[in-house]
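What follows is a predicted structure for the sequence shown.
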Amino acid sequence: MTKEPSNSTNDKPTLEEKTFSFEKYKFAVEIIKWFIGSVALVVMTVIIDKGFKERSAGIQEMQAYDKYVDVILKADNIEERWKLSEYFSTVTPTERLRERWIEYKNLLNEDYIRFKELKEMESELQNQKNSALSGRPVSETDKKLTEIQLQLAPFEKKLIRSTEFNSAQSWEEKGFNYLLNKDVDNAIDAFRNSENASNQYHQVYEIARYLRENRSKLSDKNSEFWDTAHKKIATDYAWGMPSDIRKRLLEKSE
């Protein structure tokens, strides 16, 4: 039996098949174009939009941070700063800022505990001073009370910005130089400027007040009262005073 030759024309795709294959190709290309033009574009839009939102949130957080810094700087003492940190560490809406408040509260914790201890000691000594039942001499109680109040002083002050601190420090240094040179008028002005630059900075206010009260006695550089003034200031208003200045004031009073 003789095998019939295969018809090669049957293996070739027909025009209809070619047309269908081309249409499938065109459809696939259109699908890819649609994906790139629609889905990918949407994804990119979402990514970019998210980036802008995060950046906007970051800017808002920085603005809020600046406001919080002002709030803390305006707090009168460590107790107010503690209460503010306790409040904002709970109610601040963004997690990152809330975490910063928690860290700040933890940072204050040791000083706040010490502050509360000193306040209790101050109250006890004040009661002893005012009570006739105390067997301790008044002079001893006053001395211990002064020591406690000096330790409390840093906790009962506002925080200050570096520019304010530098200005207060500069005027204080000038005040001490005028004081050592027995220039009472310029010393008063310098200490007053230091106080104005930073409220309750060291004891510049007390020094200026003492000098004003005794201005007439100190108007003459040769007055013997200068010895008394130098010793008084070095002894009673020494908190925050540089040790070399205190030493020179005591030497002047001898």
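That came in fine, so what should we check first? Because the structure is a prediction, the values reported are computed rather than measured. Residues are numbered from 1 along each chain as shown.

low-confidence ranges in the stretch 51-200 of the chain?
Scanning the stretch 51-200 of the chain with the threshold set as pLDDT under 70 gives 51-74, 132-138, 160-162, 200.

where along it do the helices fall?
For the stretch 51-200 of the chain, the helices defined by DSSP state H, counting those that start in this stretch occupy 78-91, 95-130, 138-152, 162-180, 184-197.

Could you look over those helices and pick the most buried one?
helix 184-197 (a mean of 20; mean count of other CB atoms under 10 Å). From N, CA and C alone the C-beta is placed, and that goes for glycine too.

any idea which element the residue nearest to Lys252 when sequence neighbours are not counted lies in?
The shortest distance from Lys252 to any non-neighbouring residue, by CB to CB, 6 or more residues apart in numbering, is to His230 (4.4 Å). Element membership for His230 (DSSP states H and E) is helix 225-236.

quick check: angle from that helix to helix 184-197?
Interaxial angle of helix 225-236 relative to helix 184-197 (axes from the mean of the first three to the mean of the last three CA atoms, to 10 degrees): 20 degrees.

And helix 225-236, what does it pack against?
Here helix 225-236 touches helix 204-213, helix 215-218, helix 243-253, going by 3 or more CB pairs under 8 Å, 6 or more residues apart in numbering; DSSP states H and E.

Can I get these in CSV including mean pLDDT?
Formatted as CSV, the helices and strands packed on helix 225-236 follow (pLDDT from 0 to 100):
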stretch, mean pLDDT
helix 204-213, 93
helix 215-218, 94
helix 243-253, 90
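
Dump those into CSV; add mean neighbour count and distance to Gln126 as well.
Shown next, in CSV, are the helices and strands packed on helix 225-236 (neighbours: other CB atoms under 10 Å; distance: least, CB to CB, whole Å):
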stretch, mean neighbour count, distance to Gln126
helix 204-213, 19, 19
helix 215-218, 15, 32
helix 243-253, 15, 27
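
closest one to Lys144 among those?
helix 204-213 (19.5 Å; CB to CB).

So which residues make contact with that closest one?
Taking contacts as CB atoms under 8 Å, 6 or more residues apart in numbering, the residues outside helix 204-213 that touch it are 168, 171-172, 175, 179, 184, 187-188, 191-192, 194-195, 218, 229, 232-233, 236-237.

how far off helix 184-197 does it point, in degrees?
150 degrees.

Can I get helix 204-213 in PDB? Just the C-alpha atoms.
Output of helix 204-213 as PDB, limited to C-alpha atoms (Å, rounded to 0.1, in the frame of the first residue of the first chain):
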ATOM      1  CA  VAL A 204      22.000  89.100  90.400                       C
ATOM      2  CA  TYR A 205      18.700  90.600  91.500                       C
ATOM      3  CA  GLU A 206      19.600  90.200  95.200                       C
ATOM      4  CA  ILE A 207      23.000  91.800  94.600                       C
ATOM      5  CA  ALA A 208      21.500  94.700  92.700                       C
ATOM      6  CA  ARG A 209      19.000  95.300  95.400                       C
ATOM      7  CA  TYR A 210      21.600  95.200  98.200                       C
ATOM      8  CA  LEU A 211      23.800  97.700  96.300                       C
ATOM      9  CA  ARG A 212      20.800 100.000  95.700                       C
ATOM     10  CA  GLU A 213      19.900  99.900  99.400                       C
END
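
Please identify the buried residues of the helix holding His230?
Neighbour counts using 16 or more other CB atoms under 10 Å place Trp226, Ala229, His230, Lys232, Ile233, Ala234 of helix 225-236 among the buried residues.

How about the last one, nearest residue that isn't a chain neighbour?
Looking back up the chat, that one is Ala234. Per CB to CB, 6+ apart, closest to Ala234 is Leu249, 3.8 Å.

Next up, the contacts around the one you found.
Counting by CB under 8 Å, 6+ apart, Leu249 has contacts Phe176, Leu179, Leu180, His230, Lys231, Ile233, Ala234.
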